[in-house]
Every structure is written in C-alpha cells, then in structure tokens.
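Colleague: Build me a model:
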Amino acid sequence: MKLDAALPPTRLADVPAIATAAEAAGFSAIWTTETQHDPFLPHALAAEHTRRILLGTGIAVSFARSPATLAYTTWDLAAQSGGRFILGLGTQVKAHIERRFGMPWPESPVAKLREQVQAIRAFWNTFQNYDKLNYRGEYYKLTLMSPFFNPGPLPPKTQLSSGLIPIYIAGVNTGLARLAGETCDGFLAHPFNSPRYLREVIQPAIAVGASAAGRKTSDVVMSVSLFAATSEKELAYCRQQISFYASTPSYKPVLELYGWGETAEKLSAHAARGEWGEMPGLVTDAMLEEFVTYAENPVALAAALKTRYTGLADRITLYLPFVPGQQDDWWQALIGEFNS
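Modeller: Residues are numbered from 1 along each chain as shown. The predicted structure follows:
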C-alpha cells in the first residue's frame with residue numbers, strides 16, 4: 001500500500017517547492033483536485049521539478065471537457081513527466097455540470113464516461129500508431145485527424161508497458177465502480193467512504209465489472225482518499241467536511257448502508273437553504289468512527305491506516321493536503337512509520 005499526497009489549492013508559483021518537498025518526504029504520488037484551480041497545469045511544473053513521484057488528477061471534471069482536449073493535455077503531461085502521469089476523471093454532479101460549467105448533463109453518466117474513456121484512448125492510439133481516428137458512439141463521433149493536428153508518438157522512455165496512460169475514474173456509487181472494473185486502470189474512492197462501504201459495496205461492484213469484461217479485480221488499482229485526524233481540531237474539521245459531502249443526494253447510499261438515510265435527507269435540506277452552520281451537528285460520533293481514521297499521534301495513525309485499509313486499498317491519500325512548512329514533524333513521523 002502506497003501513501004500519496006494531496007496538493008493544496010495554491011498558486012502555480014508554489015507548485016515546484018511543494019512537489020519537490022513531497023518527493024523528498026517519501027510520498028509515492030501527488031494528486032491535484034479540481035476545486036479552485038485547473039487540475040492539469042500544476043503537473044507541468046511538478047514534472048519538471050521531480051524525478052520519481054507519480055503525478056495524477058484526482059480528479060479532473062470529465063463532463064466539463066471533450067475527449068480531444070483531455071487526450072491532448074494528458075499526452076503532453078505524459079511526455080513532460082517521463083511517463084509518470086495518471087489521468088483521474090470524475091463526473092461531478094448534475095448541478096455543477098449544468099450551472100457551474102454550463103455543460104449538458106447526460107441521460108446516462110456511466111455511458112457517457114465509458115465513451116469518454118474509449119474516445120480518449122482512440123485519440124492516443126492515433127497519436128501513437130498513426131491509425132485512422134474512427135470512434136463512433138452515442139455521445140461522440142470522432143473521425144477527423146489530419147497529420148497537422150497529430151502530435152505523434154510519445155518518446156520511448158515515456159511509454160508504459162501497457163502502452164497507455166493510466167486512466168482512473170472516481171465514484172461513490174456502484175455504477176461507476178462497475179465501469180472502473182470493466183475498462184479502467186484504477187478507481188479513485190471518494191473521501192466520503194468507510195472501510196465497510198469499500199468492502200461491501202465498491203469492491204464487489206468493481207469485481208462485477210471486471211468479470212464481465214474478462215478482467216481480474218487486481219487489474220484495477222484502488223486509490224482511496226480518506227479522512228484522518230490526530231486532534232480534536234482535526235476531528236472537528238472532518239465532521240464539517242463529512243456534513244458537506246453527506247448532504248449531496250447522490251452520496252446518500254453511503255449513509256443508507258448504516259441506516260442513516262434520514263440524516264442524509266436532513267443534511268440535504270439544510271444545504272438547499274444554505275444553512276451550513278447547522279450541518280456539522282448532525283454528524284454523530286458514531287459516524288466519525290466509521291468515516292474517520294483517528295489516532296493520538298502520527299505514528300499511531302500510520303499503524304491505524306494500515307490496519308483499516310490493508311486489503312482494501314493499493315494507494316491512500318489523506319484528505320489533509322501536504323503543505324511544506326506546516327506540520328513538517330507530523331508528516332515526517334507519519335510517512336516514516338507508514339513506509340517502514
């Protein structure tokens with residue numbers, strides 16, 4: 001199991017120092033999110049200033065982009081990083097796609113994301129092998145690629161054994177987990193998860209998708225973002241973030257697994273009215289025990305993470321971003337113990 005770092009929302013000027021420090025600290029990968037900044041741009045800088053660490057989007061909003069723009073951007077980042085780039089995609093939710101990005105929400109998010117993944121790979125095949133671009137689906141028809149617009153193959157040193165840039169997709173529910181098993185290289189588990197939810201809901205769904213496609217579950221890397229805390233202050237922050245995520249209607253099945261569906265409905269009602277301050281109080285201590293890994297210090301936290309997620313995750317990323325100069329001793333103790 002590998003320990004990865006989450007890049008904080010920050011200016012591009014700060015990225016080289018953070019990436020360099022993350023690699024030196026012993027993290028296995030750096031993940032960017034798409035919240036306040038573009039998720040791809042930091043990796044151009046991170047690739048320039050690192051040599052070993054993997055670089056990935058966790059996530060880039062797929063439905064805000066065409067397969068062509070995703071294919072071109074990731075092709076350049078794969079070349080820039082020497083083959084260390086992972087394309088992590090997420091659908092986001094309907095309200096954000098329609099009202100924040102001004103894009104249409106598909107009738108079937110799973111079907112559209114499947115086509116996006118297939119279409120991106122069709123572009124990559126054309127770039128790498130100069131095969132004719134000919135992808136035809138319900139959502140995309142892609143048949144034009146003249147030599148002027150083809151960047152050509154990746155340099156040999158950047159090509160992976162599979163010949164493809166890894167594609168991970170994120171999700172909370174079973175539809176996207178099955179899709180990951182069917183066609184993707186990895187699954188990015190949303191931080192609003194628990195070991196029980198991963199074991200009873202996500203892993204079986206990935207297995208179903210993999211079996212249907214003649215693949216093995218082990219073909220899909222499980223990368224889990226998770227809440228962790230070693231103080232009451234950190235625990236309070238986790239409570240706040242959980243209340244926010246649990247208010248999203250499409251995430252309701254996570255709480256329903258425990259019989260807490262009524263709490264999800266109350267949180268959604270508060271969020272609809274903008275009553276954010278009322279929401280953390282609905283997250284009980286029992287919920288925190290399920291959704292947060294808590295320990296008294298970073299050394300104990302490393303042991304607790306291994307206990308909770310061994311057999312469930314191949315990679316884990318703390319929800320807490322890595323910021324050099326903040327809690328350096330804490331991070332050093334956690335990483336040292338985790339990697340020992």
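
Colleague: for residue 126, what are its contacts?
Modeller: Residues near residue 126 by Cβ atoms under 8 Å, 6 or more residues apart in numbering: 132, 133, 145, 150. Just so you know, the C-beta spots here come from the backbone N, C-alpha and C atoms, and that holds for glycine as well.

Colleague: Which among these count as buried?
Modeller: 133, 145 (16 or more other Cβ atoms under 10 Å).

Colleague: quick check, nearest of the contacts of residue 126 to residue 190?
Modeller: residue 133 (33.0 Å; Cβ to Cβ).

Colleague: sorry, back to before: ok, so of the contacts of residue 126, who is nearest residue 187?
Modeller: Of the contacts of residue 126, the one sitting nearest to residue 187 (Cβ to Cβ) turns out to be residue 133, at 27.8 Å.

Colleague: doesn't residue 123 make contact with the closest one?
Modeller: Yes - if you go by Cβ atoms under 8 Å, residue 133 and residue 123 touch, sitting 6.8 Å apart.

Colleague: list the residues that contact both of those two?
Modeller: 142, 145.

Colleague: Distance of residue 328 relative to residue 290?
Modeller: Applying Cβ to Cβ, to the nearest Å, the value for residue 328 to residue 290 is 30 Å.

Colleague: Equivalent analysis for residue 224, please.
Modeller: 14 Å.

Colleague: These two - which one has more neighbours?
Modeller: Neighbours per residue, other Cβ atoms under 10 Å: of residue 224 and residue 290, the larger number sits with residue 224, 24 against 18.

Colleague: so the more buried one sits in a helix?
Modeller: No - counting by DSSP: H, G, I helix; E, B strand; the rest coil, residue 224 falls outside a helix, being strand.

Colleague: tell me which element the nearest residue in space to residue 45 that is not next to it in sequence is part of?
Modeller: Once flanking residues are discounted, residue 45 sits nearest to residue 15: 4.4 Å by Cβ to Cβ, 6 or more residues apart in numbering. Using DSSP states H and E, residue 15 falls within helix 15-25.

Colleague: Quick one: end-to-end length of stretch 280-294, please.
Modeller: 18 Å (Cα to Cα, to the nearest Å).

Colleague: er, stretch 228-236 I mean
Modeller: Start-to-end, stretch 228-236 (Cα to Cα) is 11 Å.

Colleague: ok, which stretches of the chain are strands?
Modeller: Listed in chain order, the strands of the chain (DSSP state E) span 2-6, 29-32, 54-57, 60-61, 85-90, 135-136, 141-142, 167-171, 186-189, 221-229, 292-294, 315-318.

Colleague: Kindly provide the distance from the residue nearest the centre of the chain to residue 326.
Modeller: Taking Cα atoms, centre = their mean, the centroid of the chain lies closest to residue 58, which sits 3.2 Å from it. For residue 58, the distance to residue 326 equals 20 Å [Cβ to Cβ].

Colleague: what does residue 284 give?
Modeller: In this view, residue 284 and residue 326 are 30 Å apart by Cβ to Cβ.

Colleague: on that earlier part again, who are the contact partners of the residue nearest to the centre of the chain?
Modeller: Counted by Cβ under 8 Å, 6+ apart, residue 58 has contacts 6, 31, 32, 33, 39, 88, 168, 170, 188, 223, 225, 317.
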